[in-house]
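Undergrad: Prediction below, plus the sequence it came from.
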Amino acid sequence: MTSPPITAQAQTPAPQTTPVRGRRRLRRLSRRDIPVLVVLLGIPVLLDLALIWATTVASIGLSFTSYNGVTAIKWVGLRNYEQIFTIYLPFWTAVRNNLLWLGVLGLVATPLGLFFAVLLDKQIRFTRVYQSIFYMPVVLSLAVVGFIAQLIYSRDYGVLNSLLGRGSHPIDWLGDSKINIWAVLVAAVWRHAGYVMILYLAGLKAVDPALKEAAVIDGANERQTFFRVVFPTLRPINIIVVVITVIEALRAFDIVYAINSGRNGLELLSVLVTANIVGEASRIGFGSAIAVILLATSIGFVIAYLTQIIREDRQ
Amino acid sequence: MSRSPADRPGGLPMTSRRSILRGALAGASAFAVPAALAACGKSDTGSGSGGSTNKNVTFGSNYSDDVPKKAIADVMAKMQSDKGYTVKVNTVDHNSFQENITRYLQGSPDDVFTWFAGFRMQYFAAQGLATPIDDVWQTIGANYSDAFKKASTGQDGKMYFVPFYNYPWALFYRKSVFEAKGYQIPKTIDEFKTLCAKIKTDGMVPIGFADKDGWPAFGTFDQLNMRMNGYDFHVALMAGKQSWTDPKVKNVFDLWAGLLPYHQPGSLGRTWQDAAQGLVSKQSAMYLLGSFVAQQFQPADLPDLDFFAFPEVDSQYGQDAVEAPIDGFMVSHKAKNVAGAKELLKFLGSADAQNVYLKSDPSDVGANKQADASGYNAIQKKAATFIGGAKQISQFLDRDSNPTFASTVAIPAFQQFINTPGDIDSLLKNVDAQAKSIYAAGN
C-alpha cells in the first residue's frame, strides 16, 4: 500500500538534481531499498568476515605464537614454521601424501570416471545397474569407506589376503607404511571415480547429438569425435571436476582417520592440524602454522587455476 | 568431514552445558551456587548444618564402555541411597573425552570429572583448571599408601586427585600353555630371550604385539627403560629433565630392537584387542599389556590367565618398579557445587564405592587399602600383591610425560622405530629436538 507514494517521491527529485554521479545513483534507491540492501548485503558480508576472514586471520596470527589453549599466548615469530620444516617428521610425509592423493585422483580417478561415463552414455544394456554400482561408494561417507577398507585389507582377518592365498605370509596392507597409502588410495579412487562419473554423465546427456552427427558426416572417427567435439563442449563440467578433485585431495581426512588416526605412513596435512589442535596436545600455535601452510597451498592451486581459466577466456 | 570421529568430541561441551542449565533450573537452587563458590575459596566443606545444601552434583565420565558405564551407574546409585546426593552422569566416549579435555575444562565442565594420576593430572592442575581438595584427603588419606598420595599431589604440593583403582602392566600368559610346553617363568632378560627363541621354534608367537593405536608400545618402552636405567632416570626422562640422546636411551632401543623379532609381526595394523585374541587362542605365548587384557577372556578361560613381572635387565634395579596407572577423579575449577563435589569425592575414595565398582570388573584393583579383596578373582588378587610389593610405581608414558610430547612426538617416533629398527641414532636425535622444544614451551 505504501510503496507507490514512496517510489513516486523517490523518482520526482531525481531529475531536478543532477550533480555528482555517485549521488545520483544513490537517489535512485528508495528509502526502503537502503535498509533492505543493508540487511541483505550486510548480513552475508558480516558472516563472511566473521566466519571466514576473521578465523583465517586469527589462524595466521596464532601460527606465530605458542599457545596451549589455557595459559597466555606467547609470540614466537617463525619458530613454529622452522620446526615444522626441520624436525617435525610427519610433515613431509603428509605433504608427499597430499600430493600423491592429488596426483592419483587427478590422473587415475578422474579419467576413470570419465571413461565410465562415456561407456554408460552409450546406452548399453543394464546401464542403470552399472550406474548405481559405480555411484554407490559416493553415497558412503569416507569414514565408512575407511571401515570397509579395514575389513578388506586387515592383515589378520582381511579378505584380500585370503583371496591372494597368502594365509601363511599375509601382507600388512594397512600397517606397512610403505604400501598402506597405496591401499588407501585405491579405496579413495573407488569413491572418487563414481563421483566424477555422475558429473560427466550429466554433462554428456546435455551434449547436442547434432554435433556428433555433424562430426561423423565430416568423416571423424569415434575417437576424434570425442576428443575434438564432445570433450570441448564439456568444458564447464571439466572446470567443476578439476575444482572438486583439488578440494577432495586437500581436504582428505576421514578415511585415514578412520583407519589409524592418520599415522604411520597415512599422514595428511589435515590430520596433522587436527592432531596438534584438537587432541589432548592443544599445541594451537603449531597446528595453526600447519593449517596456514595448507591454506597457502590451496590458494596456490586456486590462483594458478583461475589465471589459467581467465587467460583462456580472453583468447 | 562431518561424519569423522574427530567431530564427535564437538558434542561434548554442548551436552554438559545443556545439562548444567537443566541442573540449575531443575535444582531451583540458584542461590546455593554463590554459596558453594564462596565455600570453595575458603576450602571449606561447609555442608551439613545449613539445610540449604545443594544435593545435585554433575559428573563428567569417560567410562563409555558398557560394563564400566553400568558399574559407575551402580556407584552413583549407592551415593544416592547412602548420602542422598543426586549425581547427574554425562558420559563421553573415552578417547573423545581425552582429546577434548582442555576445551572441556575451559568451557562448562561438570563438577567432578574422571581423569588420570601423575604428570597428566599435574599438568592441568598447574594450569589452574582443577580445584585443590586437601580437605577431602584429610578424610580419606589414611586409607591410601604413600605411592597413591604422591601420585595425587600437584606440583604446588596441594592434593588434586582421588584415586579409584589401578591395574598393573606385566607379561600375561596362559598357565595351560606354559605347563603343556614346560616353559619356566624367566627371571632375567637372558632367560627371557632363550624362552622366546624356544617358543618361536615351537611355532608360536613369543610376544603378542599391537601398536596401531600408538600407545601400546609405550608399555614396552617403559618396562625396558625402568629395568635397564631405573625408575628415577625413567621419570626424569618423561618429565623432560633427561636427554633422549643419552646413550642410556639408545641402549634401551638396542635391546628392544633385539627383542622385536620375537614380537608378533604386523603390529602397526593391529589393535590391542586383536593381539589379546592371539593370547586367548593360544597363538601367542605371552603378551605385555595392562591387566585389562582380562576383558578379552571369557569367564571360563579367566582362571587360566596369569602374569609375571618383566624380567630383570640390570641387577641394580631388579624388578623394583611396577607400572600401574591409576584412574580417578578431580574437581574442575569451574565446579558449580564445590561442596557437593567434595562429598562425592569422599564417597568415591571410600572402600564402599570402590567395592561396588569392582564387582563388575575382572581386572582392576581398588585403590583404597580397605577395599574388599574377598570378591577378587585370581588375577586381581595377584595384581594387588604385585602392586603392593612395588618399590616404585610408574603411571604410563603418556601419563608421566607431557601430553603434547606423547601424542605428537612419541607415537610417530615409536611407530617409525617398529617399522625400521635400524636407524636409532637419527630417530632419537629428532625426538630429543622436539622434546626440548615442547618442554621448553611448557605446553
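TA: Noted; the coordinates are in hand.

Undergrad: Bridge partners for the closest residue to residue B:134 other than its chain neighbours, pull those for me.
TA: Nearest residue to residue B:134, sequence neighbours excluded (C-beta to C-beta, 6 or more residues apart in numbering or on different chains): residue B:159, at 4.9 Å. Placement of C-beta: from N, CA and C, glycine included. Residues in a beta bridge with residue B:159, per DSSP bridges, are residue B:153.

Undergrad: out of everything not next to it in sequence, what's closest to the residue of chain A found nearest chain B?
TA: Going by C-beta to the nearest C-beta, chain B is nearest to residue A:175 of chain A, at 2.6 Å. Nearest residue to residue A:175, sequence neighbours excluded (C-beta to C-beta, 6+ apart): residue B:269, at 2.6 Å.

Undergrad: Next up, the contacts around the residue nearest to residue B:364 when sequence neighbours are not counted.
TA: Once flanking residues are discounted, residue B:364 sits nearest to residue B:165: 4.1 Å by C-beta to C-beta, 6+ apart. By C-beta atoms under 8 Å, 6 or more residues apart in numbering or on different chains, the contact list for residue B:165 reads B:326, B:327, B:354, B:357, B:358, B:361, B:364, B:365, B:366, B:367.

Undergrad: Looking at these, which has the smallest pLDDT value?
TA: Within the set of those, pLDDT is lowest for residue B:361 (78).

Undergrad: what about the residue nearest to residue B:364, which SS state?
TA: Secondary structure state of residue B:165, per DSSP: H, G, I helix; E, B strand; the rest coil, is strand.

Undergrad: how near is it to chain A?
TA: 21 Å (C-beta to the nearest C-beta, to the nearest Å).

Undergrad: State the distance from that residue to residue B:357.
TA: Look at residue B:165 and residue B:357: by C-beta to C-beta, to the nearest Å, they are 7 Å apart.

Undergrad: next one: residue A:190
TA: When residue A:190 is compared with residue B:357 (using C-beta to C-beta), they lie 46 Å apart.

Undergrad: So if we follow the domain assignment, how does the chain break up?
TA: Defaulting to chain A. Using automatic domain parsing, the domain parsing of chain A gives A:3-77, A:81-314.

Undergrad: Chain B, not that one
TA: Per automatic domain parsing, the structural domains of chain B span B:5-166+B:326-380, B:169-323+B:402-441.

Undergrad: measure the shortest one end to end?
TA: Criterion C-alpha to C-alpha, to the nearest Å; first-to-last residue distance in domain B:169-323+B:402-441 is 31 Å.

Undergrad: just to revisit the earlier point, closest one to residue A:111 among the domains of chain B?
TA: Closest approach to residue A:111 among those (C-beta to C-beta): domain B:169-323+B:402-441, 30.7 Å.

Undergrad: Can you pull the residues of the stretch 51-200 of chain A lying near chain B?
TA: A:66-71, A:74, A:76, A:79, A:83, A:87-90, A:141, A:143-144, A:153-156, A:170, A:172-177, A:180 (C-beta under 8 Å from any C-beta of the partner chain).

Undergrad: Any of the residues you listed buried? List them.
TA: Neighbour-count burial (16 or more other C-beta atoms under 10 Å in any protein chain shown) applied to these gives A:66-70, A:76, A:79, A:83, A:87-90, A:141, A:143-144, A:153-156, A:170, A:172-177, A:180.

Undergrad: who in the stretch 201-315 of chain A is up against chain B?
TA: Within the stretch 201-315 of chain A, the positions adjacent to chain B are A:251, A:253-254, A:257-258, A:260-261, A:263-264, A:274-276, A:278-283 by C-beta under 8 Å from any C-beta.

Undergrad: mind listing what's buried in stretch B:280-294?
TA: For stretch B:280-294, a neighbour-count test (16+ other C-beta under 10 Å) marks B:280, B:284, B:285, B:286, B:287, B:288, B:289, B:290, B:291, B:292, B:293, B:294 as buried.

Undergrad: ok, which stretches of chain A are strands?
TA: Listed in chain order, the strands of chain A (DSSP state E) span A:65-66, A:74-75.

Undergrad: same question, chain B
TA: Taking DSSP E as the test, the strands found in chain B are B:56-61, B:86-91, B:112-116, B:162-166, B:169-174, B:205-208, B:284-290, B:305-308, B:321-323, B:326-331, B:365-366, B:392-394.

Undergrad: Just give me the residue right at the centre of chain A.
TA: residue A:247 (1.6 Å; C-alpha atoms, centre = their mean).
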